[in-house]
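Q: Build me a model:
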Amino acid sequence: AAPAAPKPAAAPAPAGGSGFSLPVGVVSATPQAKKAAKKNGIDLATVAGTGLGGRITEGDVLAAGGKPAASAAKPAAAPAAALRESPELPDGPVPLSGMQTAVAKNMEATMESPSFQVSRSIQTTKFDELYASLKPKGVTVSALLAKAVALTLEKHPIVNAHYDKAANAIVYHKSINVANAVAIDGGLITPVLQNCNVMDILSLSAAWKDLVGKAKGGTLRPEEYNSGTFTISNLGMFGVSSFGSLLPSGSGAILAIGGANPTVEMVGGKPVEVKRMEVTLTADHRHIYGADAALFLKDLADILENNVTDIVL
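A: Presented below is the predicted three-dimensional model:
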């Protein structure tokens, strides 16, 4: 007679008919079960679990050790949900730091301005090529974008201006000082590239790296973070596709920049992969109107899509 085939090991039955079961070879146990196993010297790999998907419970460990479950005499009010180890998470109020207090007050001040938002998709093929060619020389994306924005602001001084309620006037700025939002430990700060439109790209990149170092070291001078006439907030490096920013108090506009993502477009009747990024301008509607914002974004797109060499000239 042929030898009998070995019987396959029985898999733990899913609890409550949920249909879920742990992968073969995976041993999962509740914290209470682990504690009981350690106390009684029981190897969890030898215990059959009756919990969700075959998870080992405290009762399973005690039963394997020949001991009654401590809760056996107590009627269960309801089936307990399977638990995992609780992570260490903050709990309760924590006073704001000086930096966080300043940010909170500035964000509240943004509510005083009636703002609106306008978005535009910009192809980044030529911009990406420019950055790739200049990166070995220490040029940063932040400096390139700031210079492109500054050149666009030259054509749209209304976007570089701010509204003065007390004087009932539009305050224009001859200088184009582009602030860039930077996340630092415990807060947010906006180092400023002053006279951004007239600086060469290598000097601009060096200045930006210096400002970021000071920001992270807490050594920025007031004029290096509070003199911006326009602000950029770029979250593209974090994988954000698009977003809108709150308008900083005392300024006319802020540009939110998302990441460049690949998309397929028809070029000459053929599908071609290109990269596009979404930019969103938040502007003070008391002196900047929809057409102003739209034309600003149109000219910015023209530089980034067709005239990137203007950035380095």
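
Q: Mind pulling up the pLDDT for residue 3?
A: Residue 3 is assigned a predicted lDDT (pLDDT) of 52.

Q: what does residue 190 give?
A: 94.

Q: Now do the SS call for the residue nearest to it when sequence neighbours are not counted.
A: Sequence neighbours aside, residue 179 is the residue nearest to residue 190 in space, at 3.9 Å (criterion: CB to CB, 6 or more residues apart in numbering). C-betas here are computed from N, CA, C, even on glycine. What DSSP: H, G, I helix; E, B strand; the rest coil gives for residue 179 is strand.

Q: And the strands in the stretch 151-300 of the chain?
A: 162-164, 169-171, 178-180, 182-184, 187-189, 192-193, 230-234, 253-267, 270-284 (DSSP state E, counting those that start in this stretch).

Q: Going by neighbour count, list what's buried in the fourth one.
A: Residues residue 182 are the ones in strand 182-184 that count as buried (16 or more other CB atoms under 10 Å).

Q: Pull up the pairing partners for it, direction included.
A: strand 187-189 (antiparallel) (DSSP bridges).

Q: What is the burial count for the residue nearest to residue 190?
A: Look at residue 179: counted by other CB atoms under 10 Å, it has 27 neighbours.

Q: Quick one, grab the pLDDT at it.
A: 96.

Q: That one contacts residue 234, doesn't it?
A: No: using CB atoms under 8 Å, residue 179 is not in contact with residue 234; the gap is 11.7 Å.

Q: which outside residues touch stretch 90-109?
A: Stretch 90-109 is contacted by residues 184, 186, 187, 188, 189, 246, 248, 249 when judged by CB atoms under 8 Å, 6 or more residues apart in numbering.

Q: Also stretch 304-313?
A: Contacts for stretch 304-313 (CB under 8 Å, 6+ apart): 122-127, 129-130, 134, 144, 147-148, 151, 200-201, 303.

Q: nearest spatial neighbour of residue 46, skipping sequence neighbours?
A: Residue 46 sits nearest to residue 64 (CB to CB, 6+ apart), 6.9 Å away.

Q: got a list of what the one you found touches?
A: 42, 46, 47, 48.

Q: Also residue 172?
A: Residue 172 neighbours (CB under 8 Å, 6+ apart): 157, 158, 160, 161.

Q: Just the local confidence number for residue 308, please.
A: For residue 308, pLDDT reads 96.

Q: What does it show for phi and psi?
A: Residue 308 adopts backbone torsions of phi -60, psi -20, taken as degrees, to the nearest 10.

Q: got it, and residue 219?
A: Torsion angles, degrees, to the nearest 10, at residue 219: phi -120, psi 10.

Q: Now do stretch 222-234: everything it contacts.
A: In contact with stretch 222-234 (CB under 8 Å, 6+ apart) are residues 141-142, 145-146, 149-150, 153, 159-162, 173, 175-181, 189-192, 194, 211, 214-215, 245, 248, 251-257.

Q: What's the PyMOL line that selects buried ones from the residues you listed?
A: A single PyMOL command selects the buried members of the contacts of stretch 222-234 (16+ other CB under 10 Å):
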select buried, resi 141+142+145+146+149+150+153+159+160+161+162+173+176+177+178+179+180+181+189+190+191+192+194+211+214+215+245+248+251+252+253+254+255+256+257
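
Q: could the contacts of residue 172 be laid out in TSV, adding distance to residue 24 and pLDDT?
A: Below are the contacts of residue 172 laid out as TSV (distance: CB to CB, whole Å; pLDDT from 0 to 100):
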residue	distance to residue 24	pLDDT
157	69	98
158	67	98
160	65	98
161	68	97
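
Q: coming back round to it: buried subset of the contacts of stretch 304-313, written for PyMOL?
A: A single PyMOL command selects the buried members of the contacts of stretch 304-313 (16+ other CB under 10 Å):
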select buried, resi 122+123+124+125+127+130+134+144+147+148+151+201+303
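
Q: Identify the farthest-apart pair in the contacts of stretch 304-313.
A: 123 and 200 (25.4 Å; CB to CB).

Q: Might you list the low-confidence residue ranges for this structure?
A: 1-20, 68-84 (pLDDT under 70).

Q: In it, mark out all the helices, start to finish.
A: 31-40, 58-64, 98-109, 125-134, 141-155, 201-217, 290-306 (DSSP state H).
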